[in-house]
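fold the following.
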Amino acid sequence: MTATHGRLAALGVAPYRKSEVQSAQPGLCGYLALAASTAARFCWVAREVYGEDDPKWLQFREWVIGYSPDWFFNAYGKYGEKLAAKIKRNPWMKKVIRPFMDLARKSLGYK
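Got it, this is the predicted structure:
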């Protein structure tokens, strides 16, 4: 099991092995619905910092799930929702946090 697969499993979205579920073959709509529900449950800070309409929050989410250190992934999952609420009440925090999020996104090749 890869680290990314383990992280997706922790979020409740790891794909089933073919031998586990023979009849489950979701199409594009199924995957999009799954991605949307997972995103709504996990990337609170990025959505607050970038805004829901900016795809940069999805790019940061990709980094968190697939490439961030384990300690960061665990802390983000544990404290992210509370931190996002604080950022919402204190918008100046976005200016402090966003450069670090941008570095993470850019490490994946995003501009």
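
hey, let's count contacts and neighbours off CA atoms from now on
Noted.

just checking, next helix/strand downstream of whichever helix in the chain runs longest?
Longest helix in the chain by number of residues, with DSSP state H as the criterion: helix 70-89. Later in the chain than helix 70-89, the nearest helix or strand by DSSP states H and E is helix 92-106.

what lies in contact with that next one?
Contacts made with helix 92-106 from outside it, assessed by Cα atoms under 8 Å, 6 or more residues apart in numbering, are listed as 46, 49-50, 56, 59-60, 63, 87, 111.

most neighbours among those, which one is it?
Neighbour counts for these were taken using other Cα atoms under 10 Å; the highest belongs to residue 60, which has 26 neighbours.

follow-up on the earlier one: restricted to helices, list the contacts of helix 92-106.
Using DSSP H, 46, 49-50, 56, 59-60, 63, 87 are the members of these that sit in helices.

least confident secondary structure element in this protein?
The helix or strand with the lowest mean pLDDT-type score in the chain, counting by mean pLDDT, DSSP states H and E, is helix 28-42 (a mean of 58).

list the contacts of residue 83.
With contact set as Cα under 8 Å, 6+ apart, residue 83 has these partners: residue 45.

skipping adjacent residues, who's closest to residue 84 in space?
The shortest distance from residue 84 to any non-neighbouring residue, by Cα to Cα, 6 or more residues apart in numbering, is to residue 45 (4.5 Å).

then residue 59?
Here the residue nearest residue 59, using Cα to Cα, 6+ apart, is residue 105, at 5.9 Å.
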